[in-house]
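*Asks:* next comes the sequence, and after it the predicted model I'd like to discuss.
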Amino acid sequence: MNQDAMKKQAAEAALAYVEGGVVGVGTGSTVNHFIDALATIKGRIEGAVSSSEASTERLKGHGIPVLDLNSAGELSIYVDGADESNERLQLIKGGGGALTREKIVAAASRQFVCIADESKLVKVLGRFPLPVEVIPMARSYVARELVRLGGTPIWREGFVTDNGNLILDVQHLEIADPLQFEQRINNLAGVVTVGIFALRPADVLILGTPNGAKTIKAADFSG
């Protein structure tokens, strides 16, 4: 089974967690499969809150109403992918550049279901370059500070977020304490947010595997 098929498998398994109402929807290739699957039950939901312009267009293409988060209020569920997850369901996200909106929708949701293929589960976060969204005038300053934290920041040139900001992708990290590292980077002046989801990790991780979808729940982790 190829990687895309495993992504689709995880995405379709996430439908079991959709109970109606308004669904928070993330961004990326795995989420695209979820949006396509969600269209098959669109009559059971009121609509969706989207974390990116790309997902918004795909949802609308399926005839799923897209609502503003400010009017939708608290969401019962948010479904999104990840670039990496550890066994505590702390994540690295933002490879597609939508990390700030993704973090907002995740924070506004009672349950966060993460969908991915099995390759995204790692022991230690950081092999995938860590995205940091920055205000344009702060790019060089934040980059210097990230070097001091042990990383190698690379400006994602030619890319602007939906919020009009820039992305620094930080390479060569081993993030032993994601919670502390998230807070430290978020406190740098000019950082909009960092793509570590540890303050608000996933509640459920669904991994597509050659042997079927595998579900890991944060409550199951007792270490």
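*Replies:* Structure's in. What do you need?
*Asks:* going forward, measure contacts and count neighbours with C-alpha atoms only.
*Replies:* OK.
*Asks:* tell me how many other residues crowd Ile206.
*Replies:* 24 (other Cα atoms under 10 Å).
*Asks:* who does it bridge with?
*Replies:* Ile115, Thr215 (DSSP bridges).
*Asks:* my read is that it contacts Val113, right?
*Replies:* Yes. Counting by Cα atoms under 8 Å, Ile206 does reach Val113; the two are 7.4 Å apart.
*Asks:* give me the common contacts of these two.
*Replies:* Shared contacts of Ile206 and Val113, defined by Cα atoms under 8 Å, 6 or more residues apart in numbering, comprise Ala14.
*Asks:* which residues does the closest residue to Ile64 other than its chain neighbours contact?
*Replies:* Leaving aside its sequence neighbours, Ile64 sits nearest to Gly47 (Cα to Cα, 6 or more residues apart in numbering; 5.8 Å). Counting by Cα under 8 Å, 6+ apart, Gly47 makes contact with Gly21, Val22, Val23, Ile64, Pro65, Val66, Leu67.
*Asks:* before we move on, what about Ala189?
*Replies:* Neighbours of Ala189 in contact, by Cα under 8 Å, 6+ apart: Ala138, Val142.
*Asks:* so how far is Gln90 from it?
*Replies:* 24 Å (Cα to Cα, to the nearest Å).
*Asks:* kindly report the same for Val66.
*Replies:* Counting by Cα to Cα - Val66 and Gln90 are separated by 28 Å.
*Asks:* which of those two has more neighbours?
*Replies:* Gln90 (24 against 21).
*Asks:* doesn't Ala198 make contact with the more buried one?
*Replies:* Yes. Using Cα under 8 Å, Gln90 is in contact with Ala198, at 4.8 Å.
*Asks:* phi, psi of the residue nearest the centre of the chain?
*Replies:* Against the mean C-alpha coordinate of the chain, by Cα atoms, centre = their mean, the closest residue is Lys93 at 4.4 Å. Dihedral pair for Lys93: phi -140, psi 160, per degrees, to the nearest 10.
*Asks:* picking that back up, in PyMOL, how would I select the buried members of the contacts of Gly47?
*Replies:* Selection of buried members from those for PyMOL, criterion 16 or more other Cα atoms under 10 Å:
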select buried, resi 22+23+64+65+66+67
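*Asks:* for the contacts of Gly47, which one is nearest Ala54?
*Replies:* Val66 (12.0 Å; Cα to Cα).
*Asks:* the closest one pairs with what?
*Replies:* Bridge pairing for Val66 - DSSP bridges - gives Ala48.
*Asks:* quick check: neighbours shared by Gln90 and Ala198?
*Replies:* Pro178.
*Asks:* how about the residue nearest to Leu130 when sequence neighbours are not counted, secondary structure?
*Replies:* Nearest residue to Leu130, sequence neighbours excluded (Cα to Cα, 6+ apart): Val170, at 4.8 Å. Look at Val170: counting by DSSP: H, G, I helix; E, B strand; the rest coil, its state is strand.
*Asks:* roughly how far apart are Val170 and Gly95?
*Replies:* Taken as Cα to Cα, the span from Val170 to Gly95 is 11 Å.
*Asks:* those two: which is more packed in?
*Replies:* Taking neighbours as other Cα under 10 Å, Val170 and Gly95 compare with Val170 leading, 22 against 19.
*Asks:* who's in contact with that one?
*Replies:* Here Val170 is in contact with Pro129, Leu130, Pro131, Val132, Leu146, Gly151, Thr152, Pro153, Ile154 (Cα under 8 Å, 6+ apart).
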